[in-house]
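1. no sequence on this one, just coordinates:
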Ligand code: HEM
């Protein structure tokens, strides 16, 4: 019904629309005049293309941030605008508080279109499809749901201890096997073979191909997407043949383990897992109606790709930290011994009584964080921050490494020091959690609860039962690890040697009893 006020309302509305349009035009014009954030001088056309190194970019970004005294810097990579944020304040202000603008991902034509990884949540554009996958993921991996994986984590950790007893020199292989077993069990309910398992091998190769394709600029077609249309016989189109080969891995990873879980479900022998539970829930009328089978299939792969390498490399860093700081290892073992008296292997119930171990795990995540630049974002619209113009379409990078090595928050940041997280023997809530190790805002890693609990139980179990020391060569000379890392989206310790020996006859007996008990279950 029209009211007497209608003409007045129309005038008011028109006035309001004109005012907001004028304001938007004014804002755009004003923003256009604002300077870009500071950064190294740019050459014509190529900008900073030759300034940015091809490895360990996070260290150069952090150096520039100091040099220009700004936690937000700007680079131009041959026409692509790149913004790097190097403080908690800046990532909080943009990724967290303006998340609707800063949650998109850039285009990776090689990875998503040619290699077939378009179904991976981590690379998905910000929108409905991503939201559906993310909800499905969260329903199975939120803080409460992730607790149901603890028994599986404990069993796999005990199997790891038994393998370390047998061949300690292969510790990285054992850590990888453990992570592979755990994730295949959690995602698909598949029990993998103790070695050379076809699913783990496939997943490992697929994961490697994924990590290579996810590095910005790794393939020319990512910088010049038009190249994806050139025919495969064209000179220089080798990447298309390579993509065809690699896409077999993503297809295999998508289809094979999923088909196995469905086969087990049809035979009534499928153990609980993300895939089996989610497929069962599809037929439940009370559950979310919008999930479909392909969402479950695609999300299950993401569990493996997101979780396997990251967890293994964090545990590699733990071992390296024990070599760097033997006194930390002693303190951690003393805390465990004072609780268990060496009579039993620690379990998740002990977590609250072992604050030094929890602090040690936080320090592992901070010291050499696995994903130094998280995963870059794409800025959806023009924006303005601290008087700087941030152009739409910019790649925005959160330099998690710089934030976790900020001496204002973590004094003496390059030293491995779990004590920084403690006060009077308890975890100190005033010290900031190293959460940027898992990214930022709405795209913060959804697997972090499971990752942290599996890392915690592995760390406490190894420390309870083994001593980790530097290896010694045939001449009795100590082999110093290089403490170096390989550069990439996911940063792994350079392979190193160490000596892992059981702490006593009693701990050997505990490990054997745990492994035998679990085999009988
Ligand atoms: C030490 C272990 C891990 C680390 C350091 C890690 C780190 C990260 C980081 C930095 C991101 C990007 C966040 C951003 O864009 O800001 C991410 C995303 C993701 N992670 Fe993890 N992660 C770990 C373990 C896991 C595990 C165990 C899973 C699966 C159970 C997982 C699943 C994912 C998924 C699905 C995404 C994509 C999220 C999205 O784009 O919305 N991660 N992770």
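-> Noted; the coordinates are in hand. Computed from a prediction, not measured in an experiment: that's the story for all the values here.
2. After the helix or strand bottoming out on mean pLDDT in the chain, which helix or strand is next?
-> Lowest by mean pLDDT, DSSP states H and E among the helices and strands of the chain is helix 6-33, with a mean of 62. Counting by DSSP states H and E, the element after helix 6-33 in chain order, helix or strand, is helix 57-67.
3. what's that next one in contact with?
-> Helix 57-67 has contacts (CB atoms under 8 Å, 6 or more residues apart in numbering) with 39-40, 51-53, 71, 73, 84, 86, 372-373, 397, 399-402, 405, 487. In this view, the C-beta of every residue, glycine as well, is placed from N, C-alpha and C.
4. what's the answer for stretch 241-251, then?
-> In contact with stretch 241-251 (CB under 8 Å, 6+ apart) are residues 110, 114-117, 202, 205-206, 209-210, 213, 232, 301.
5. from those, which is closest to the ligand?
-> When the contacts of stretch 241-251 are ranked by distance to the ligand (CB to the nearest ligand atom), residue 301 comes first, at 9.7 Å.
6. per-residue confidence at the closest one?
-> pLDDT, residue 301: 91.
7. Just to check, it is in contact with residue 254?
-> Yes: using CB atoms under 8 Å, residue 301 makes contact with residue 254 at a distance of 5.5 Å.
8. Sort out for me which of the contacts of helix 57-67 are in helices.
-> The helices, defined by DSSP state H, take in 400-402 from the contacts of helix 57-67.
9. need those in a markdown table with neighbour count, pLDDT and distance to residue 219, can you?
-> Shown next, in a markdown table, are the ones in helices among the contacts of helix 57-67 (neighbours: other CB atoms under 10 Å; pLDDT from 0 to 100; distance: CB to CB, whole Å):
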| residue | neighbour count | pLDDT | distance to residue 219 |
| --- | --- | --- | --- |
| 400 | 26 | 98 | 24 |
| 401 | 24 | 98 | 24 |
| 402 | 25 | 98 | 27 |
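10. Now render those as JSON lines, adding distance to residue 505.
-> Formatted as JSON lines, the ones in helices among the contacts of helix 57-67 follow (distance: CB to CB, whole Å):
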{"residue": "400", "distance to residue 505": "43"}
{"residue": "401", "distance to residue 505": "43"}
{"residue": "402", "distance to residue 505": "47"}
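11. for the residues you listed, which one is nearest residue 514?
-> Nearest to residue 514 among the ones in helices among the contacts of helix 57-67 is residue 400, at 35.8 Å by CB to CB.
12. Sort out for me which of the contacts of stretch 241-251 are in helices.
-> 202, 205-206, 209-210, 213, 301.
13. Report the two of the residues you listed separated the most.
-> The farthest-apart pair in those, when distances are taken by CB to CB, is 202 and 213, at 16.5 Å.
14. And the two? Which one has more around it.
-> residue 213 (24 against 17; other CB atoms under 10 Å).
15. Who are the contact partners of the more buried one?
-> By CB under 8 Å, 6+ apart, the residues touching residue 213 are 108, 110-111, 115, 117, 219, 246.
16. if we take the ones in helices among the contacts of helix 57-67, which one ends up nearest to the ligand?
-> Looking across the ones in helices among the contacts of helix 57-67 and measuring by CB to the nearest ligand atom, the closest to the ligand is residue 400, at 6.7 Å.
17. Quick check: closest non-adjacent residue to that closest one.
-> residue 436 (4.1 Å; CB to CB, 6 or more residues apart in numbering).
18. Could you tell me whether that neighbour really is in a strand?
-> No: going by DSSP: H, G, I helix; E, B strand; the rest coil, the assignment for residue 436 is helix, not a strand.
19. Relative to the ligand, how far out is it?
-> 8 Å (CB to the nearest ligand atom, to the nearest Å).
20. Same check on residue 283?
-> Counting by CB to the nearest ligand atom - residue 283 and the ligand are separated by 25 Å.
21. Just the pLDDT at that residue, thanks.
-> For residue 283, the model assigns a pLDDT of 77.
22. neighbours around it, how many?
-> With neighbours defined by other CB under 10 Å, the count for residue 283 comes to 7.
23. Ok, residue 266 next?
-> Neighbours of residue 266 (other CB under 10 Å): 9.
24. what's the answer for residue 466, then?
-> Residues within reach of residue 466, counting by other CB under 10 Å, total 23.
25. Quick check: it touching residue 162?
-> No: Residue 466 lies out of contact with residue 162 (CB under 8 Å); the separation is 11.8 Å.
26. quick one on the thing from earlier: the contacts of stretch 241-251 also near the ligand: which ones?
-> Among the contacts of stretch 241-251, not one lies near the ligand by CB under 6 Å from any ligand atom.
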